[in-house]
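**Q** Need coordinates for the below:
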Amino acid sequence: MTYILDQVGSQLRNTLKLTAGLSLLLSIAIVQPASAAPATNSAKPSIGAAFTTQMNDVWNAISANSTDQALKNFFPSAAYVQMKQGVLPNPTADFSSRLLAFFKLDLSAYHQLVMSGGPSKFTGIRVNPAQISWISPGVCENKIGYWHLGPVRVVYEQSGVVKSFAIASLISWNGVWKIIHLGPNPRAKNIGTVASPAKGPGTPGPGGGC
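**A** From the prediction side, this is the model:
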């Protein structure tokens, strides 16, 4: 009789241990965060007052020739790698040696343009909402879709004369416009180049591109 009770007690203890173990596993499964869903980047950025303020920040960065300030509005390296991973052989190197290198060269060229004519002030932007387009995943060698806009005209006044230049291309990331090409892309020479400088406010566009 004692042996039978011992057997029953042993089985009960094993059952309780198994139940406790399962409860612990279930608790762990419940509290573990779910894996992050792949980015869709579908939120369409505004071209309203916030965008004008953003372009004013770009203007200030150009005026000061401040790379650090300008980079706040440049497409992030990590986002570019995410878009191009598995499509380009080395997206990190492409970002650094091509996109970022041209951006820095162009920033100096824009700075020289603005400073060469004396004191100037930002007066606004010109943008055509009809030229915003959705670039689907798989198009333009990108794994993630995004919104594209460009060129946008930055308008300023210098010695009583209205002038402007273009920011060649912007694309979306997490609902915010980011510059992907400050100057023209492609270009005839690998030097810093201002996109479409002109007297007057100019006309935004043309649309299209990636």
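**Q** Just grab the bridge partners of residue 176 for me.
**A** Beta-bridge pairing for residue 176 (DSSP bridges): residue 173.
**Q** low-confidence ranges in this protein?
**A** Scanning the chain for pLDDT under 70 picks out 1-40.
**Q** switch to 90 and redo it
**A** 1-40, 117 (pLDDT under 90).
**Q** All the strands of the chain, in order from the start?
**A** Using DSSP state E, the strands of the chain run over 120-126, 133-135, 146-149, 152-158, 161-167, 169-173, 176-181, 195-199.
**Q** Pull the number of nearby residues for residue 142.
**A** Residue 142 has 19 neighbouring residues, counting by other C-beta atoms under 10 Å. Heads up, the C-betas are built off the backbone N, CA and C, glycines and all.
**Q** Now stretch 192-206: buried residues?
**A** By 16 or more other C-beta atoms under 10 Å, the buried positions in stretch 192-206 come out as 192, 193, 194, 195, 196, 201, 202, 204, 205.
**Q** any residues touching stretch 176-194, and which ones?
**A** Stretch 176-194 is contacted by residues 45, 47, 51, 54, 58, 73-76, 79, 99, 102-103, 105-110, 113, 149-150, 165, 167-172, 195-196 when judged by C-beta atoms under 8 Å, 6 or more residues apart in numbering.
**Q** rerun at 7 Å
**A** Identification of contacts with stretch 176-194 by C-beta atoms under 7 Å, 6 or more residues apart in numbering yields 45, 51, 54, 73-75, 99, 102-103, 105-110, 113, 149, 165, 167-171, 195.
**Q** Sitting in helices, which of these do you find?
**A** Among the contacts of stretch 176-194, DSSP state H puts 51, 54, 102, 103, 105, 106, 107, 108, 109, 110, 113 in helices.
**Q** Can you tell me the closest non-neighbouring residue to the last one?
**A** Beyond its immediate neighbours in the sequence, the residue positioned closest to residue 113 (C-beta to C-beta, 6 or more residues apart in numbering) is residue 194, lying 5.2 Å away.
**Q** and what of residue 136?
**A** For residue 136, ignoring the flanking residues on the chain, the nearest one in space by C-beta to C-beta, 6+ apart is residue 145 at 5.1 Å.
**Q** what about that neighbour, distance to residue 166?
**A** Residue 145 sits at a distance of 24 Å from residue 166 (criterion: C-beta to C-beta, to the nearest Å).
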